[in-house]
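K.L.:
Generate a structure from the sequence data that follows.
(6 chains)
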Protein chains: 6
Amino acid sequence: MRFDGREAHELRNVKIETNYLKHPEGSVLIQVGDTKVICTASIEDRVPPFMRGSGKGWISAEYSMLPRATGQRNIRESSKGKVSGRTMEIQRLIGRALRAVVDLEAIGERTVWIDCDVIQADGGTRTASITGAFVALTFALNKLFEEKEWPSFPVTDFLAATSVGVVKEHGAVLDLNYIEDSQAEVDMNVVMTGANEFVELQGTGEEATFSINDLQRLLELAQLGVTGLFAIQAAALGEIAEKIGK
Amino acid sequence: MRFDGREAHELRNVKIETNYLKHPEGSVLIQVGDTKVICTASIEDRVPPFMRGSGKGWISAEYSMLPRATGQRNIRESSKGKVSGRTMEIQRLIGRALRAVVDLEAIGERTVWIDCDVIQADGGTRTASITGAFVALTFALNKLFEEKEWPSFPVTDFLAATSVGVVKEHGAVLDLNYIEDSQAEVDMNVVMTGANEFVELQGTGEEATFSINDLQRLLELAQLGVTGLFAIQAAALGEIAEKIGK
Amino acid sequence: MRFDGREAHELRNVKIETNYLKHPEGSVLIQVGDTKVICTASIEDRVPPFMRGSGKGWISAEYSMLPRATGQRNIRESSKGKVSGRTMEIQRLIGRALRAVVDLEAIGERTVWIDCDVIQADGGTRTASITGAFVALTFALNKLFEEKEWPSFPVTDFLAATSVGVVKEHGAVLDLNYIEDSQAEVDMNVVMTGANEFVELQGTGEEATFSINDLQRLLELAQLGVTGLFAIQAAALGEIAEKIGK
Amino acid sequence: MRFDGREAHELRNVKIETNYLKHPEGSVLIQVGDTKVICTASIEDRVPPFMRGSGKGWISAEYSMLPRATGQRNIRESSKGKVSGRTMEIQRLIGRALRAVVDLEAIGERTVWIDCDVIQADGGTRTASITGAFVALTFALNKLFEEKEWPSFPVTDFLAATSVGVVKEHGAVLDLNYIEDSQAEVDMNVVMTGANEFVELQGTGEEATFSINDLQRLLELAQLGVTGLFAIQAAALGEIAEKIGK
Amino acid sequence: MRFDGREAHELRNVKIETNYLKHPEGSVLIQVGDTKVICTASIEDRVPPFMRGSGKGWISAEYSMLPRATGQRNIRESSKGKVSGRTMEIQRLIGRALRAVVDLEAIGERTVWIDCDVIQADGGTRTASITGAFVALTFALNKLFEEKEWPSFPVTDFLAATSVGVVKEHGAVLDLNYIEDSQAEVDMNVVMTGANEFVELQGTGEEATFSINDLQRLLELAQLGVTGLFAIQAAALGEIAEKIGK
Amino acid sequence: MRFDGREAHELRNVKIETNYLKHPEGSVLIQVGDTKVICTASIEDRVPPFMRGSGKGWISAEYSMLPRATGQRNIRESSKGKVSGRTMEIQRLIGRALRAVVDLEAIGERTVWIDCDVIQADGGTRTASITGAFVALTFALNKLFEEKEWPSFPVTDFLAATSVGVVKEHGAVLDLNYIEDSQAEVDMNVVMTGANEFVELQGTGEEATFSINDLQRLLELAQLGVTGLFAIQAAALGEIAEKIGK
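P.N.:
Residues are numbered from 1 along each chain as shown, chains lettered A, B, ... in the order given. Coordinates of the predicted model:
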């Protein structure tokens, strides 16, 4: 039994509140246990300089935490005048993951800006961000899809992310909370599609290493986790869920 | 009648949800019409360098907006690498206002960090921030007060802020929303205490000017507004409200 | 009697030296007691991006202090790599104030850059900057007015600024010098036009508050102060003064 | 057959020139095909603030490219005034990987600074950096080991990194050069120890996805690659190689 | 005859107004033709980190131009967020030059901050800065000298700077103004002591070169120039001039 | 005899390895004693904004040191977020010097980017950079010359740089290494052309001064030094050397 009473293969309680804010084209509040992230998707009618003239769209993500999302207050990155390496890694990951399930040619020269703002953190903020951002993005692209009467829906598959890890005394577990994360010997973030394919796999030994057997056990747990998340995303999307991949 | 059906002297609908986040010593979500701000108060056991050795505490405020709090997405200040003049003005104002109703000697060499993060903006974000931050601050200081068994409560009076302005076709009005604000000829932010005294008065003609008579009418409206806000703050604070000024 | 022998309603000695520098379209050295500010106005034949295509002009102000304008040497903002919140507040105030008395449509898509550089500080540098900048600006716009043979003069009214405050033992006083400013319980900057209208009113209790009666007394003093300043500005402008508002 | 005539499971030609520079405690020039990286290890007798008093050491890595290491000249990060997200990701990866095979308690409160400067780039610069840095680090720690007469050698195992990927028309391949990398659908960096354990696994679908079978094939290739690299590292280290893990 | 009627070996009209500002320990306004620079010297009772514990003092210089010191308005370096290469070169030069004639051991662990702020520029701002700063510095050190009753005066010799150059159609000339400077093929700044020794010599061919004969002629002119400047400095210093070198 | 056994007028051992890197249009590794610098020349088909439309080309230089090029590790300028004054001075010097021997009109609106990256430092890095960069630049321009079949070769003369100085106990010496440089009373960098003309002369007394006689002796040594360097450059350039000035 884990600190919070879950079994090794159990996700935390996940809720996705849709249309959370009035201005963005898509927005959700996702809660994964005590981790809470506001994810928004904003459409801009142009692409970054390196994409101009390509006829293709782009998805760009930004990630931030409120200063007091955590137990200790963090200094704002705007006050420091620069974005940390950790933040950059996370926002690059979110953007790359979402681009894997969007037909960028279909959306034309547009950027979808994804903003993931963590208002409360308890482990797994980057995977919660990806899982929530997928829903916000799908809402925003559905708006465009209906407005422009495109022939096919630009989201090609479901996409969700979860963490798995090896924690002292508990072994391989799914969906680590903050306490587990801080004690993990191996920490792995997995992003998968509805078709059971990997988009991203980032495993790290924290001053430790892991074997091929550890890896297999972790990937099985991750598979279980994203399957649960796809169901919750589908429920949040309602009828729009059925358009995905069509 | 105003755009949203209010009369000139009416506040928007105001709600204050307390204990909104689990980590901060004090936290609220304040809603003033469609403007929504998360206000948190965090206690740090030291003061900025210029206060060290003074025996007095300090209150420091930071303010930010989510990129898509507004109709158009704004670039994050962390991405720009610097904080805008507008943000600096607002955070200096919030800190100064709150310091006027806290006995800084009583709290000793501690800093209370106030963070106001606007998640949805529809005018009046700085005044909503002050009104909400006052409640979060009082919760946080009450925690210290009980823990340390101080002889008197360190919050000396209520404090709330509202905006008033002169809007074309509607004249002097209370609590401007975004549309009114963008059409205002005169825009004034007023911060007052429970004792009916002014803490801050910032009136600006927007490529326009105002007379002493305009000023008097605006201050009467502001007085009405803060009186309404004090009642809502008191309800949110519950029994703690009775300790203020004692 | 005040520290320097003035009565409560007396301005310090004010001098405005015109055509102080050879390059700018308008330039003055204003002295208000021991406060000395070089104010220049430079014409640029384009507007900032947000104004392009509007057919209107813009006035943008920058403010700085020499490192040793003060008793203690200050680190240059260029060395720190960023402009302080105080500087931003002041330069936004100066620009906003001047824009209230200029017909921005009449000047067409041009920017007037106002630079206020404090070479010696003894309190009231922002109000001295506004009062001096008005004269530099009027000289610069007069140059354009004569060159372009515009039908009407683009400066619509006089504009001056002064400070008033409540100082321990002296009560409400006009035009605070540095010592008074550092002891003031209430500090208010007032920008007014020749027509006795307010453009900006910024009153702050410094860990203190003020009543409506205090406010009235302070505004009466401010009125006296700007009336004196208008006369000194008119003398400095000579014949150009008569074109204002015509 | 691949562009450069290699078979799918073949590494490029790898050379490690040791004691490449005169000042650092350890330094190599590693060449992996046309990729050339100068790796240095510098000992500093203190640790970063977050490690002080822990009694443990730290390994911190920095990575950079000469502007003309690539086909197109890149602007220096020092000129841009900030380090890119890509650079941050890479230097965090290098440091984390090396820390997994060093006994940080044994080295005491010291920092080993690893600097990887790419002088010529042709794909795989981050994995070449890790493989080369391991050798430079081991030289530097051997110096300390001999000087301090420590009871055991602080490097606990070999460590090397390589890339594997899925390239259109060629399928799964080992050690991608620049052309292959730019055409890869799946790109994976693998860091392994001499004991065949994983330290880092970072797999990314580039607007594509990969299956569990793809993953298995890629990990087999990676295993082959690092085995080859360990032999080259051992040869470069000479007798010091035998101290590792003892 | 030159543009302004001077002969090749003639300095422009030079004036040094002493005690120009009330706060600094030493301050002058130096005018060299239409070039006007405010030079101040401020004493700080500590040295930069790299000098701590050395028992020696330091002289640090900063240089800046008002935005409209020149014909075209320049963007402030504080707004750009960084100091230009030109500014850095000049401030390093000023500090280095002054340190050559001060007994740094005699002044103990103190920093003299030199600030040179150009309020009007017409060529030769860096040499005017050095010449003026020498006077401000000597006033400031004299204050310390009298206060501390040091056995000997810490300024060991006079120091002045001038420019010489080769200008098309005019050949070698002394003390170039802006027009000459912008047409010069060779531009040389020379800093010399009262003993006729060089402290700095910086000669540059501007897309041109110069021979050893050119150099000799330029150095003769420079010698003439600084001799004139020493006399003007001595007059400005009054009796203090006699203490120099004693 | 000097520390390393050289006589006063002797250069260190100089080697220039050409075509050192595969991507740049020109590249060398220059070694001057233990100082080693990679110099590359990259052609870009446009000029900086201030040159556009002039029909002329430009040469822009950047200079950097690897963190461990020196005895103590230096913090990277990219990590500090800004380029030091020393770096700026050096890169401005390199660019200016090279522009003196290139026919900028002949190369048309192109920029040649010179990058000098010091991988090992032992004094004289800036002069080694200039001497090496001249060779890299000539290779790059020869490529353009052959490709475009220009009527004349755009490099108009040889260019090399060396340092001379006055060192305690050794007097005037040529080509100072690090130890000599750190003990020098006078330090002078001299850039000369094949025609024996000066391009740059930068002499500095380090808390010391120098006489006209010192200067003459130093310039004679510099003359000797560059003559030796021209021969080494010519050998490195091979047949291309004969095109220079034609």
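
K.L.:
so what's the residue in chain A sticking out farthest from the centre scoring on pLDDT?
P.N.:
Among residues of chain A, the one most distant from the C-alpha centroid is residue A:53; the distance is 29.1 Å, by Cα atoms, centre = their mean. Note for residue A:53: predicted pLDDT of 93.

K.L.:
Chain neighbours aside, what residue packs nearest to residue A:165?
P.N.:
residue A:184 (4.0 Å; Cβ to Cβ, 6 or more residues apart in numbering or on different chains). The way it works is simple: take the backbone N, C-alpha and C, and place the C-beta from them, glycine included.

K.L.:
Surely the one you found and residue A:176 touch.
P.N.:
Yes - with contacts counted by Cβ atoms under 8 Å, residue A:184 reaches residue A:176, the gap being 6.2 Å.

K.L.:
Could you look up the SS state of residue A:176?
P.N.:
Following DSSP: H, G, I helix; E, B strand; the rest coil, we place residue A:176 in the coil state.

K.L.:
Tell me the pLDDT of it.
P.N.:
97.

K.L.:
I'd like to know how many residues surround it.
P.N.:
27 (other Cβ atoms under 10 Å in any protein chain shown).

K.L.:
just residue A:118 next, same as before
P.N.:
Neighbours of residue A:118 using other Cβ under 10 Å come to 22.

K.L.:
which element is it on?
P.N.:
Per DSSP states H and E, residue A:118 falls inside strand A:111-120.

K.L.:
same check, this time on residue A:166
P.N.:
strand A:159-167.

K.L.:
re the thing from before, phi, psi of the residue farthest from the centre of chain A?
P.N.:
phi 80, psi 0 (degrees, to the nearest 10).

K.L.:
Against residue A:99, how distant is it?
P.N.:
19 Å (Cβ to Cβ, to the nearest Å).

K.L.:
quick one, phi/psi of the closest residue in space to residue A:114 that isn't next to it in sequence?
P.N.:
Counting by Cβ to Cβ, 6+ apart, residue A:114 lies nearest to residue A:61, which is 4.0 Å off, once chain neighbours are set aside. Backbone geometry at residue A:61, expressed as degrees, to the nearest 10, gives phi -120, psi 150.

K.L.:
How about the contacts made by residue A:61?
P.N.:
Neighbouring residues of residue A:61 by Cβ atoms under 8 Å, 6 or more residues apart in numbering or on different chains: A:91-92, A:94-95, A:98, A:113-116, A:133.

K.L.:
Could you list the paired strands of the helix or strand containing residue A:187 along with their orientation?
P.N.:
For residue A:187, the element it lies in under DSSP H and E is strand A:184-193. If you go by DSSP bridges, strand A:184-193 pairs up with strand A:159-167 (antiparallel), strand A:198-205 (antiparallel).

K.L.:
For chain A, name the helix or strand with the lowest mean pLDDT.
P.N.:
helix A:77-80 (a mean of 86; mean pLDDT, DSSP states H and E).

K.L.:
Between strand D:198-205 and the longest helix seen in chain A, find me the angle.
P.N.:
When chain A is parsed with DSSP state H, its longest helix is helix A:212-237. Taking axes from the mean of the first three to the mean of the last three Cα atoms, to 10 degrees, one finds helix A:212-237 and strand D:198-205 inclined to each other by 40 degrees.

K.L.:
can you give me how far helix A:212-237 is from the chain middle?
P.N.:
13 Å (Cα atoms, centre = their mean, to the nearest Å).

K.L.:
what residues do residue A:184 and residue A:176 have in common as contacts?
P.N.:
A:165, A:167.

K.L.:
Between the two ends of stretch A:97-108, how far is it?
P.N.:
19 Å (Cα to Cα, to the nearest Å).

K.L.:
how about the residue of chain A found nearest chain E, what does it touch?
P.N.:
Here the residue of chain A nearest chain E is residue A:81; by Cβ to the nearest Cβ that distance is 9.0 Å. Counting by Cβ under 8 Å, 6+ apart, residue A:81 makes contact with B:81-82, C:82.

K.L.:
cool, residue A:91 as well?
P.N.:
Counting by Cβ under 8 Å, 6+ apart, residue A:91 has contacts A:61-63, A:116, D:85.

K.L.:
Hmm, residue A:120 is touching residue B:20, no?
P.N.:
No - the pair residue A:120 / residue B:20 is not scored as a contact, 9.0 Å apart, by Cβ under 8 Å.

K.L.:
So for those two, which residue has more residues nearby?
P.N.:
More crowded of residue A:120 and residue B:20, by other Cβ under 10 Å: residue A:120, with 23 against 19.

K.L.:
any idea how far the residue farthest from the centre of chain A lies from residue A:109?
P.N.:
For residue A:53 relative to residue A:109 (Cβ to Cβ), the value is 8 Å.

K.L.:
got it, and residue A:94?
P.N.:
Residue A:94 is 21 Å from residue A:109, by Cβ to Cβ.

K.L.:
next one: residue A:85
P.N.:
For residue A:85 relative to residue A:109 (Cβ to Cβ), the value is 31 Å.

K.L.:
Please apply the same query to residue A:8.
P.N.:
Here the criterion is Cβ to Cβ. By it, residue A:8 lies 46 Å from residue A:109.

K.L.:
again, but for residue A:191
P.N.:
According to Cβ to Cβ, residue A:191 stands 26 Å off from residue A:109.

K.L.:
Write out the residues of chain A neighbouring chain F.
P.N.:
Residues of chain A that fall close to chain F, judged by Cβ under 8 Å from any Cβ of the partner chain: residue A:82.

K.L.:
For the spatially most central residue of chain A, which non-adjacent residue is closest in space?
P.N.:
The structure's chain A has its C-alpha centroid closest to residue A:130; by Cα atoms, centre = their mean the separation is 0.9 Å. Computed as Cβ to Cβ, 6+ apart, the closest residue to residue A:130 that is not its neighbour in sequence is residue A:161, at 3.9 Å.

K.L.:
Okay, and the beta partners of that neighbour?
P.N.:
Per DSSP bridges, the residues bridged to residue A:161 are residue A:191.

K.L.:
confidence score at it?
P.N.:
98.

K.L.:
That one against residue A:226, yeah?
P.N.:
Yes - Residue A:161 is within contact range of residue A:226, at 7.3 Å (criterion: Cβ under 8 Å).

K.L.:
okay, and the common contacts of these two?
P.N.:
Contacts common to residue A:161 and residue A:226, judged by Cβ under 8 Å, 6+ apart, are A:190, A:192.

K.L.:
For the residue lying closest to residue A:121 once chain neighbours are set aside, list the residues it contacts.
P.N.:
In this structure, residue A:121 finds its nearest non-sequential neighbour in residue A:69, 4.3 Å apart by Cβ to Cβ, 6+ apart. With contact taken as Cβ under 8 Å, 6+ apart, residue A:69 is in contact with A:118-121, B:21, B:23.

K.L.:
How about residue A:30?
P.N.:
Residue A:30 touches A:14-17, A:36-37, A:39, A:128-129, A:131-132, A:135, counting by Cβ under 8 Å, 6+ apart.

K.L.:
Check the contacts of residue A:91 and tell me the two furthest apart.
P.N.:
Comparing every pair within the contacts of residue A:91 by Cβ to Cβ identifies A:116 and D:85 as the most remote, at 15.4 Å.

K.L.:
Which one of the two is surrounded by more residues?
P.N.:
residue A:116 (25 against 16).

K.L.:
My understanding was that the more buried one contacts residue A:97; is that so?
P.N.:
No - using Cβ under 8 Å, residue A:116 makes no contact with residue A:97, being 11.6 Å away.
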